[in-house]
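**Q** The following comprises the amino acid sequence and a computationally predicted model.
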Amino acid sequence: MTVLNTLSIAAKRNTRIFAENERADIVFGSITDPELTSKTVRDHDVVFHLAANVNVDRSLHDPKSFLDTNVMGTYNVLEAARRHQSRVIYASTCEVYGDGHDLGPDALLDETAEMRPNSPYGASKAAADRLCYSYYRSYDMDITIVRPFNIFGERQKSGTFGALIPRLVRQALAGEDLTVFGEGIATRDYLHVSDIVRAYRLVLAVPSLKGRAINFASGTNTSVRDIAEYIAQRFHTRVTQGQPRPGEVSRYPADISLAKSIGFDPRVGIWEGIDRYIEWAIAQPQQLADSGN
């Protein structure tokens, strides 16, 4: 196994995992470098394309870097895979769908739903998503597009641009009030990291997914405020309201029928997953601090 990554936003201690694993070779670099990308892909049967510039907030301030990495970087990966005849499993995102607030109360976002991204990040991932599909249609490449919903779990980054759960836990451990942006009524479908790992293994084992997109989520939506209140109760602190953020999506109701048809069954629920994260954060305070770098 070879890993190509800048590791620019990885927690310091997390990168040691690669150094200690004899089965993994790590190449420090970026998918924006076409020659390095091609050299890395060579002699590999399967490419898990997980590399991306991520975060809605950051994309509002620096949209070009998201286009450079997420669109042109994906082009480089696809060209390398086409040249070396490698299968590609691409990590897209639920952000490509945009806001589901205007769907009916029981309606779900399946893989055929219209893409209406709300942010430069979502737009860059939607462009890369469709670029992957075009390479399947144009060159008959073996490509599967995975659309994970909100992934969370131990070791997740908790810095300024970090995800919701790590940010709230870090605030709680610091004795601060927990901040939600807006009223906190936005809902998300959270999927534990252990479940998405199993999902990728399933995709790898199912050849019939060539040329298809597939959602992976828990199938359960939880509001931002409910999550904040749960963590606040654990730490005996308060929840405060901040200004709404631009580009925020209010609702992500995932249809995971296709995922279930290949044997996917999410095992870690939102509250168990949060408890696991809190236990890890308490036991590994230095890792939580490093994850903010």
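**A** Cool, got the structure.

**Q** so where is the stretch 1-150 of the chain shaky, pLDDT-wise?
**A** When residues are selected by pLDDT under 70, those of the stretch 1-150 of the chain lie in 7-19, 100-102, 104-105.

**Q** which residues of it fall in strands?
**A** Secondary structure of the stretch 1-150 of the chain (DSSP state E, counting those that start in this stretch): strands at 2-5, 25-28, 46-49, 87-91, 143-148, 150-152.

**Q** want to throw the ones you listed into CSV with mean neighbour count?
**A** Every C-beta, even on glycine, is put in place using the N, C-alpha and C of the backbone. Output for these, formatted as CSV (neighbours: other Cβ atoms under 10 Å):
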stretch, mean neighbour count
strand 2-5, 17
strand 25-28, 13
strand 46-49, 19
strand 87-91, 21
strand 143-148, 24
strand 150-152, 21
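
**Q** With distance to residue 199 as new columns, can these be given to me in a markdown table?
**A** Output for the strands of the stretch 1-150 of the chain, formatted as a markdown table (distance: least, Cβ to Cβ, whole Å):
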| stretch | distance to residue 199 |
| --- | --- |
| strand 2-5 | 19 |
| strand 25-28 | 24 |
| strand 46-49 | 12 |
| strand 87-91 | 10 |
| strand 143-148 | 7 |
| strand 150-152 | 10 |
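
**Q** For residue 211, find the nearest of those.
**A** In terms of Cβ to Cβ, the element of the strands of the stretch 1-150 of the chain nearest to residue 211 is strand 143-148, at 6.5 Å.

**Q** Which secondary structure elements does that closest one sit against?
**A** Applying 3 or more Cβ pairs under 8 Å, 6 or more residues apart in numbering; DSSP states H and E, one finds that strand 143-148 contacts strand 87-91, helix 120-139, helix 193-205, strand 213-216.

**Q** starting at the chain centroid, how far to it?
**A** Distance of strand 143-148 from its chain centroid, counting by Cα atoms, centre = their mean, to the nearest Å, is 11 Å.

**Q** Same check on stretch 21-30?
**A** Relative to its parent chain, stretch 21-30 has a centroid offset of 21 Å by Cα atoms, centre = their mean.

**Q** End to end on that stretch, go ahead and measure it.
**A** In stretch 21-30, first residue to last residue: 21 Å (Cα to Cα, to the nearest Å).

**Q** One more: stretch 245-259?
**A** Length of stretch 245-259, first residue to last, Cα to Cα: 31 Å.

**Q** What ranges does the chain have for its helices?
**A** Listed in chain order, the helices of the chain (DSSP state H) span 16-19, 34-41, 56-61, 63-66, 73-84, 120-139, 164-173, 193-205, 224-235, 257-261, 270-283, 285-290.

**Q** got CSV for those, with distance to residue 93 and mean neighbour count too?
**A** CSV is the format used below for the helices of the chain (distance: least, Cβ to Cβ, whole Å; neighbours: other Cβ atoms under 10 Å):
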stretch, distance to residue 93, mean neighbour count
helix 16-19, 24, 12
helix 34-41, 21, 18
helix 56-61, 10, 17
helix 63-66, 12, 17
helix 73-84, 12, 21
helix 120-139, 5, 20
helix 164-173, 15, 22
helix 193-205, 12, 17
helix 224-235, 18, 18
helix 257-261, 15, 15
helix 270-283, 19, 17
helix 285-290, 25, 16
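
**Q** quick one, which of the ones you listed is nearest to residue 156?
**A** helix 164-173 (4.8 Å).

**Q** The closest one versus helix 224-235: what angle between them?
**A** Using axes from the mean of the first three to the mean of the last three Cα atoms, to 10 degrees, the inter-axis angle of helix 164-173 relative to helix 224-235 is 30 degrees.

**Q** Just send the helices and strands packed on strand 143-148 back as JSON lines, with distance to residue 255 too.
**A** Listed next are the helices and strands packed on strand 143-148 as JSON lines, based on distance: least, Cβ to Cβ, whole Å:
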{"stretch": "strand 87-91", "distance to residue 255": "19"}
{"stretch": "helix 120-139", "distance to residue 255": "17"}
{"stretch": "helix 193-205", "distance to residue 255": "15"}
{"stretch": "strand 213-216", "distance to residue 255": "6"}
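
**Q** list the contacts for residue 263?
**A** Residue 263 is in contact with residue 202, counting by Cβ atoms under 8 Å, 6 or more residues apart in numbering.
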